[in-house]
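**Q** Test case, fold it:
(one chain, ligands or ions: 1)
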Amino acid sequence: MKPDITPYATEEIPKMLEVIAGLVNKGHAYPAGGSVYFRVNSMSDYGKLSHRSLDSMMAGARIEPGEEKEHPMDFALWKAAKPGEPSWDSPWGKGRPGWHIECSAMSLRYLGEQIDIHGGGQDLIFPHHENEIAQSECFTGKKPFVKYWMHNGMLQLGNEKMSKSLGNLVTIRQVLERHTGDAVRLFILGSHYRSPLTYSEETLSAAESGAERLRQVAGIIPNGQASAAIDVEAYRTRFQEAMDDDFNTSQAISAVFDLARDINRERDAGHDISTAKALFTELTGILGLTLKAPESGTTDAAPFIELLIATRKNLRLVKQFQLADEIRNKLAELGVTLEDMPQGTSWKKK
Ligand SMILES: [Zn+2]
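**A** Modelled structure (predicted):
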């Protein structure tokens, strides 16, 4: 789904400066050498998200040359401009925002001082999300900044994490050229969101045949007589309990597949499966599955192309050859070629 708001970090500098200034005023931050640092010692529960104490973080931490920090774990809210880098004006001189401050600023501006759910990859727990908490809670004085953190496992290709820097990347666009959106959804929901997910063509193909099985059930029109022997409420409970268990989607999906199997069996027995089918539609909708037939490219456009061919034929009958040719040429531009044969006109798509 498209987001309601699409903020850009570069357009949120004023809010970032406001938060940084507020933190300086409250003693949670200090300027040094044109930069501004967050003072980790000013927050008694710093490290609560990643369950680390400042003492344990100290091991191995050091202050880099050129950094004028009070404590090695203090992190930059604002970085003094370096030659050749983009920079903005600030009360502490020209510079640019630190990595974490943009998230606190945008979240405060668009979602308020406290939010229910914050998502992100597991690799962002420390330092990024830890520091978002520090900035936001110290600025607003309200705890918690976030009620629920949902950290997802990394998407892997083979044994390695997929990443831009490693170059082992498969984009969602490339995947959607070969598989339906529902197959991708089933693949992702097939394991718990906190577990790592391994991408392969085989798992995607397996997900595709799963999607196809569900599509067939979605296409069933109930017309049986005696009511089906399916415990619909038990399925609803099973699905709900799985989802209430920190979104255990793989369990929820297996309930949906079992329900689908029951529906098929009862339909074959000539029973009325309308109640079970209604639950099936509801549950697959919760999982975001569309269960639409895959677009084959030709099927969607076919009736409209046929309509244009019939119109062109009629135009030729009334000797409107120019208009008839226009239809043919415009279709060719769209990649549809017409071929006139004695028995009529056929078409093919590039
Ligand atoms: Zn962030």
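**Q** Please work out the average pLDDT along the helix or strand hosting Ser346.
**A** Assessed by DSSP states H and E, Ser346 sits inside strand 344-349. Mean per-residue pLDDT for strand 344-349: 78.
**Q** Please apply the same query to stretch 290-310.
**A** For stretch 290-310, mean pLDDT is 75.
**Q** Give me the buried positions along that stretch.
**A** Under the neighbour-count criterion of 16 or more other C-beta atoms under 10 Å, stretch 290-310 has 291, 301, 305, 308-309 buried. Using the backbone N, CA and C atoms, a C-beta is placed for each residue, glycine as well.
**Q** before we move on, back to that, from the contact counts, what lies against the strand holding Ser346?
**A** Where contact means 3 or more C-beta pairs under 8 Å, 6 or more residues apart in numbering; DSSP states H and E, strand 344-349 is packed against helix 298-317, strand 336-341.
**Q** So what are the sheet partners of the last one and their directions?
**A** This means strand 336-341. Sheet pairing here is set by DSSP bridges, and for strand 336-341 it gives strand 344-349 (antiparallel).
**Q** Make JSON lines out of the helices and strands packed on strand 344-349 and add distance to Asn25.
**A** Listed next are the helices and strands packed on strand 344-349 as JSON lines, based on distance: least, C-beta to C-beta, whole Å:
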{"stretch": "helix 298-317", "distance to Asn25": "60"}
{"stretch": "strand 336-341", "distance to Asn25": "66"}
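**Q** Lys69 is nearest to which of these?
**A** helix 298-317 (60.0 Å; C-beta to C-beta).
**Q** right, and Ile220 touches Ile263 too?
**A** Yes: counting by C-beta atoms under 8 Å, Ile220 touches Ile263, with 6.8 Å between them.
**Q** More neighbours: these two, which one.
**A** Ile263 (23 against 16; other C-beta atoms under 10 Å).
**Q** Need the CA coordinates for whatever helix or strand the more buried one lives in. CSV is fine.
**A** Applying DSSP H and E as the criterion places Ile263 in helix 249-268. Output of helix 249-268 as CSV, limited to C-alpha atoms (Å, rounded to 0.1, in the frame of the first residue of the first chain):
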residue,chain,number,x,y,z
THR,A,249,2.0,-16.2,10.5
SER,A,250,3.4,-19.6,9.5
GLN,A,251,0.9,-21.2,11.9
ALA,A,252,-1.9,-18.9,10.7
ILE,A,253,-1.1,-19.9,7.1
SER,A,254,-1.2,-23.6,7.9
ALA,A,255,-4.7,-23.1,9.5
VAL,A,256,-5.7,-21.4,6.2
PHE,A,257,-4.4,-24.3,4.1
ASP,A,258,-6.1,-26.9,6.3
LEU,A,259,-9.3,-24.9,6.0
ALA,A,260,-8.8,-24.9,2.2
ARG,A,261,-8.4,-28.7,2.2
ASP,A,262,-11.6,-29.2,4.2
ILE,A,263,-13.5,-26.9,1.9
ASN,A,264,-12.3,-28.9,-1.2
ARG,A,265,-13.3,-32.2,0.5
GLU,A,266,-16.7,-31.0,1.5
ARG,A,267,-17.4,-29.4,-1.8
ASP,A,268,-16.6,-32.6,-3.6
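**Q** gap between it and the chain center?
**A** How far helix 249-268 lies from its chain's middle: 26 Å, per C-alpha atoms, centre = their mean, to the nearest Å.
**Q** who's in contact with Thr311?
**A** For Thr311, the contacting residues are Ile327, by C-beta atoms under 8 Å, 6 or more residues apart in numbering.
**Q** same check, this time on Ser136
**A** Going by C-beta under 8 Å, 6+ apart, Ser136 touches 104, 107-108, 113, 145.
**Q** Give the rounded mean pLDDT of the strand or helix carrying it.
**A** Element membership for Ser136, per DSSP H and E: helix 130-140. On average, the pLDDT along helix 130-140 is 98.
**Q** Am I right that His118 is in a helix?
**A** No: counting by DSSP: H, G, I helix; E, B strand; the rest coil, one finds His118 to be strand, located in no helix.
**Q** Can you give me the distance of it to Ala218?
**A** Distance, His118 to Ala218, by C-beta to C-beta, to the nearest Å: 34 Å.
**Q** Contacts for the helix holding Ile263 next, please.
**A** By C-beta under 8 Å, 6+ apart, helix 249-268 touches 186, 189-193, 210, 213-214, 216-217, 220, 222, 224, 228-230, 235, 238-239, 242-243, 245, 273, 276-277, 279-280, 283-284, 287.
**Q** repeat that for 7 Å
**A** Helix 249-268 is touched from outside by 186, 189-192, 213-214, 217, 220, 224, 228-230, 235, 238-239, 242-243, 273, 276-277, 279-280, 283-284, 287, with contacts defined as C-beta atoms under 7 Å, 6 or more residues apart in numbering.
**Q** buried stuff in the helix or strand just after it?
**A** Tracing the chain past helix 249-268, the next element assigned as helix or strand by DSSP H and E is helix 274-286. The neighbour-count check on helix 274-286 (16+ other C-beta under 10 Å) flags 276-277, 279-280, 283-284 as buried.
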